[in-house]
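[1] what's the 3D shape of this:
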Amino acid sequence: MKRPVVIASLTVLSTVLFGCTQTHRPVRPEVTMPDRFSTGSTTAMKSDPRLHAWWRGFEDPVIDRLMRQGMRENLSIEQARQRLDIVRLKGILASSGYLPQLQATTSASRTSETANGNTQLATSSGAGAAFSWTLDIFGGGRAALREAHENSAAAMADVELVRLAFLTDLTATYVDLRYNEEAIGISRRNLASFQQTLKLTQDMRETGIASNLDVAQAQALVDDARAKIPPIERDRQQAINHLATLLGTTNSEIEKLVGGKSGQPKLALEAESGFPADLLRYRPDIRREERLLAAAAARIDIARSRLYPALSLSGSIDFARLIASGVSGNALSWAFGPSVLAPVFDGGRLRGEVDIQKAETKVQYLRWKDTVFRAVEEVENALAALNRGKAEASAHRRKVTSFTVARDLARESYVGGTGLILDVLEAERLLGEAKLDLARSLRENALAGIRLQVALGSGAAVEIDGVSASPAHPAPSPVQNRAG
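    Numbering: from 1, shown residues only. Here you go, the predicted structure:
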């Protein structure tokens, strides 16, 4: 059979097989979500929350300094960026196998032969080129490109997810640091008050008004207050250590950054919660799982394409020049033609690979759906904690005021000889606990505000000094939302 007839036959065969195949298109993922959150705003997001530097709502310049340095120095964020580069490079490698390949070779040599006392020198050189191209008839190459694109998008979302984790860790640790400092101050003031009561009781014992039991009880309260301070100081130092790790610096540098008086952080900014469906666009973990789902579906097409023959074109050109003993000659050769590699018997391996990819895609779909439900739960929990926390803090403030009045009245009665030392000690103990409860409540409110911002995906695309790390508008999502 002549060469043109062979080429034409192979082309017709491949076209017929291509017509018999269908490129797999997965069903667009769907999820049933509520119309709105039980509490929160009643309108959709007006702007992209990923570009919102919400931590500036603390109005604390120390947080701003820590954030700017952390965005530059945090090792987890840098690792995520490096992983993104690796995924992109892997995408280039995956798609290169379906592109035309051309290789060129050159060579040169000089030889010497001696026979019967005569020496002959010969010089040779050559050049050639080889060409190959695997034709993407059954969509394997296009599927590989889609997989690479989706994996790259998933890696970009992972960078945002790591950045959100960093924002949470840094701000929460800073809130803990300031709470510990406030708790240390309250505990020391309580200790000073208890020592004052102890001194008063000792003086009254000298006059016969108080007993040794009264002094012992006052001393026990002083010792208890003194014992509570070291654990809080330990927690403060651990917060300093963790900030140093997050920023990639030393403890002493962190001490300089956070030095000076500063109250407990309060996030004055009201969060724009939007609708649950907004999470599908702005939560980086949901978008990452969605992209991984699309990549898994692309792998089904890759596995399916291997069920059919692979058609490739290859050719070579070899040009050699031979110079020996002053005599030269030329030689030129070339070859070109198609080849087909078709699976015949593989024991069901290729079909099994398709089934495995389908099963893995189903698992990834369930993982994506679970991520969506968990995201809604996190926002609902953060909204509930934030709304109830404000009422709790107000109640603690009133409690501190009430116990302050009770403590003062108990002390006046005791000094006047009409009260008991136990009443004074109990009033002081309750007042000290009320102040610590208020500090803890303010801490929990700040943490609830942080959790809400992070649950909404807020700040995920903000880098150094508010520069966006991602497009202002996310890529179109194949996700369908069915409101419940």
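[2] now the strands for the stretch 301-450 of the chain?
    310-324, 327-341 (DSSP state E, counting those that start in this stretch).
[3] for the stretch 101-250 of the chain, that is, sorry about that
    Under DSSP E, counting those that start in this stretch, the stretch 101-250 of the chain gives strands at 101-115, 118-134.
[4] now those as JSON lines including distance to Arg304?
    Heads up, the C-betas are built off the backbone N, CA and C, glycines and all. As requested, the strands of the stretch 101-250 of the chain are arranged in JSON lines below (distance: least, Cβ to Cβ, whole Å):
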{"stretch": "strand 101-115", "distance to Arg304": "24"}
{"stretch": "strand 118-134", "distance to Arg304": "16"}
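[5] hey, which of those is tucked in deepest?
    Highest mean neighbour count of those: strand 118-134, a mean of 14 (counted as mean count of other Cβ atoms under 10 Å).
[6] and it, what does it pack onto?
    Here strand 118-134 touches strand 101-115, strand 310-324, going by 3 or more Cβ pairs under 8 Å, 6 or more residues apart in numbering; DSSP states H and E.
[7] what pairs with it, and is each one parallel or antiparallel?
    If you go by DSSP bridges, strand 118-134 pairs up with strand 101-115 (antiparallel), strand 310-324 (antiparallel).
[8] the helices in the stretch 201-350 of the chain, which residues?
    212-227, 229-247, 251-258, 279-282, 284-305, 349-415 (DSSP state H, counting those that start in this stretch).
[9] can you give me the helices for the stretch 1-150 of the chain?
    Taking DSSP H, counting those that start in this stretch as the test, the helices found in the stretch 1-150 of the chain are 3-20, 61-73, 75-96, 140-206.
[10] Give me the residues contacting stretch 210-230.
    184, 187-188, 190-191, 194-195, 197-198, 201-202, 204-205, 421-422, 425, 428-429, 432 (Cβ atoms under 8 Å, 6 or more residues apart in numbering).
[11] Below-threshold pLDDT in the stretch 151-300 of the chain: ranges please.
    269 (pLDDT under 70).
[12] Give me the residues contacting stretch 354-371.
    Stretch 354-371 is contacted from outside by 26, 29, 31, 283, 285-286, 289-290, 292-293, 296-297, 299-300, 302-304, 307, using Cβ under 8 Å, 6+ apart.
[13] buried ones in it?
    Across stretch 354-371, burial judged by 16 or more other Cβ atoms under 10 Å covers Val354, Gln357, Lys358, Thr361, Gln364, Tyr365, Trp368, Lys369, Thr371.
[14] Can I get the strands of the stretch 101-250 of the chain in CSV including distance to Asp169 and mean pLDDT?
    What follows is these, written out as CSV (distance: least, Cβ to Cβ, whole Å; pLDDT from 0 to 100):
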stretch, distance to Asp169, mean pLDDT
strand 101-115, 47, 75
strand 118-134, 47, 74
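[15] right, and those - which one's nearest Ile240?
    Checking these against Ile240 by Cβ to Cβ gives strand 101-115 as the closest, at 56.9 Å.
[16] then the closest one to CSV, C-alphas only?
    Below are the C-alpha coordinates for strand 101-115, written out as CSV (Å, rounded to 0.1, in the frame of the first residue of the first chain):
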residue,chain,number,x,y,z
GLN,A,101,8.1,18.5,19.7
LEU,A,102,11.2,19.4,17.7
GLN,A,103,14.7,18.3,18.6
ALA,A,104,18.0,19.2,16.8
THR,A,105,21.3,17.4,17.0
THR,A,106,24.8,18.3,15.8
SER,A,107,28.0,16.3,16.0
ALA,A,108,31.7,16.6,14.9
SER,A,109,34.6,14.2,15.2
ARG,A,110,38.2,13.7,13.9
THR,A,111,39.7,10.3,13.6
SER,A,112,43.2,9.0,12.8
GLU,A,113,44.1,5.6,11.2
THR,A,114,47.6,4.1,10.8
ALA,A,115,48.2,1.2,8.4
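[17] Can you pull the phi/psi pair for Gln264?
    When read as degrees, to the nearest 10, the backbone of Gln264 gives phi -70, psi 140.
[18] Wait, it touches Leu442, no?
    Yes. Contact status for Gln264 versus Leu442: in contact at 4.8 Å, counting by Cβ atoms under 8 Å.
[19] Those two: which is more packed in?
    A count of neighbours by other Cβ atoms under 10 Å puts Leu442 above the other of Gln264 and Leu442, at 23 against 19.
[20] could you measure that one against Ser394, distance?
    11 Å (Cβ to Cβ, to the nearest Å).
[21] what does Tyr365 give?
    45 Å.
[22] Which pLDDT does the model give Ala8?
    pLDDT for Ala8: 48.
[23] Would you mind listing the residues in contact with Ala155?
    Contacts of Ala155 by Cβ under 8 Å, 6+ apart are Ala80, Arg83, Leu84, Val87, Arg88.
[24] number of nearby residues for the fourth one?
    Other residues near Val87 come to 17 when the count uses other Cβ under 10 Å.
[25] May I ask you to confirm that it is in contact with Asn151?
    Yes. Val87 is within contact range of Asn151, at 5.2 Å (criterion: Cβ under 8 Å).
[26] Just give me the closest of the buried residues of stretch 354-371 to Ala410.
    Nearest to Ala410 among the buried residues of stretch 354-371: Thr371, at 55.2 Å, using Cβ to Cβ.
[27] Could I get the contacting residues of Arg351?
    Counting by Cβ under 8 Å, 6+ apart, Arg351 has contacts Leu307.
[28] Now Gly70. Nearest residue, chain neighbours left out?
    Among residues not flanking Gly70 along the chain, Leu247 sits closest, at 5.0 Å (Cβ to Cβ, 6 or more residues apart in numbering).
[29] Look up how far Glu30 lies from the one you found.
    42 Å.
[30] So for those two, which residue has more residues nearby?
    For Leu247 versus Glu30, neighbours defined as other Cβ under 10 Å are more numerous around Leu247 (23 against 12).
[31] how about that one, what does it touch?
    Shown in contact with Leu247 (Cβ under 8 Å, 6+ apart): Leu66, Gln69, Gly70, Glu73, Asn74, Glu253, Ile254.
[32] Report the two of these separated the most.
    Using Cβ to Cβ, the contacts of Leu247 reach their maximum pairwise distance at Asn74 and Glu253, which is 14.6 Å.
[33] more crowded one of those two?
    The neighbour count for Asn74 versus Glu253, taken as other Cβ under 10 Å, is higher for Asn74 (21 against 14).
[34] Of the contacts of stretch 210-230, keep whichever come out buried.
    By 16+ other Cβ under 10 Å, those give 184, 187, 190-191, 194-195, 197-198, 201, 204-205, 421, 425, 428-429, 432 as buried.
[35] Of those residues, just say which sits nearest to Ala342.
    Nearest member of the buried ones among the contacts of stretch 210-230 to Ala342, counting by Cβ to Cβ, is Ile184, at 76.8 Å.
[36] my guess is the closest one meets Arg236, correct?
    Yes. Contact criterion Cβ under 8 Å: Ile184 and Arg236 qualify, at 6.7 Å.
[37] To Pro338, which of the strands of the stretch 101-250 of the chain lies closest?
    Across these, closest to Pro338 is strand 118-134 (Cβ to Cβ), at 9.7 Å.
[38] Give me the distance between the closest one and the centre of its chain.
    54 Å (Cα atoms, centre = their mean, to the nearest Å).
[39] and for Gln264 and Leu442, which residues touch both?
    With Cβ under 8 Å, 6+ apart as the test, Gln264 and Leu442 both reach Tyr179.
[40] What is the neighbour count of Ser305?
    With other Cβ under 10 Å as criterion, Ser305 counts 23.
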